[in-house]
Each structure stands twice: as structure tokens, then as C-alpha cells.
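S.K.: dropping a prediction and its sequence here:
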Amino acid sequence: MHPTIISCYTNDTLYEEEIKDLILSCENLNLEYSIDGYDSLESWEKNCCYKPKYILKKPLGLKKPLLWIDADGIVVKRLIFDAEIKNLDIAFVRNMNKKNN
């Protein structure tokens, strides 16, 4: 079972444009996604602190594995999830633009 890709973005900010690339990458790879906009909480810091709350409430409605991708991220190829890791909580960051990767 492939996870549903989730993300959120602040309305009326540059992230509202950035999220379009993530959505397009999901659609091009036929990946299920659930992405929501929300109104600004008055500062960049408060908006960033909203992400964990969003992630915590999302499983209640979807009831399947989830994969968080930031609003300015994209999926470049279909992901493969090994059965051995399907019950684990994992997190990683990879910046494809860095020269040391």
C-alpha cells in the first residue's frame, strides 16, 4: 500500500504557488495526496509550528500510511515502501541542491 502524501501551506503566500509543483508531481506519478491551505497565524514561526498539529490530525480522516512533504518539495519518482518498514515512524531530509549529497 502506498502512503497518501500530505502537506499544507499558508494561504496568500508564496507557498500557495509552490504547492502547485508538489500537486503536479503527485498527479504525474499517479500518487494519492491530501493537501490543505490554511490562513496565516500571523508569523512565519507560528505557521511552521502548525505543521505538527496538522500532521497529527490527518490520520484521523485518512486511516492509512502517510508521507509528509513540505509545500516546496516535489516527488521525482514513485516511492517504494518495503514491508519491513511499513510499521515504523521514519523521517529524513534530503536537499538535492546541496553539493555534498
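M.R.: Now that the structure is in, tell me what you want to look at.
S.K.: report the distance from the strand or helix carrying residue 19 to the chain centre.
M.R.: Secondary structure from DSSP states H and E places residue 19 in helix 14-28. Here helix 14-28 is found 10 Å from its chain centre; the criterion is CA atoms, centre = their mean, to the nearest Å.
S.K.: and it, what does it pack onto?
M.R.: Applying 3 or more CB pairs under 8 Å, 6 or more residues apart in numbering; DSSP states H and E, one finds that helix 14-28 contacts strand 4-10, strand 33-38. All C-beta spots, glycine's among them, are computed from the backbone N, C-alpha and C.
S.K.: separation between the residue lying closest to residue 26 once chain neighbours are set aside and residue 2?
M.R.: What sits nearest to residue 26 in space, not counting adjacent residues and going by CB to CB, 6 or more residues apart in numbering, is residue 33, at 4.3 Å. Between residue 33 and residue 2 the computed distance is 11 Å (CB to CB, to the nearest Å).
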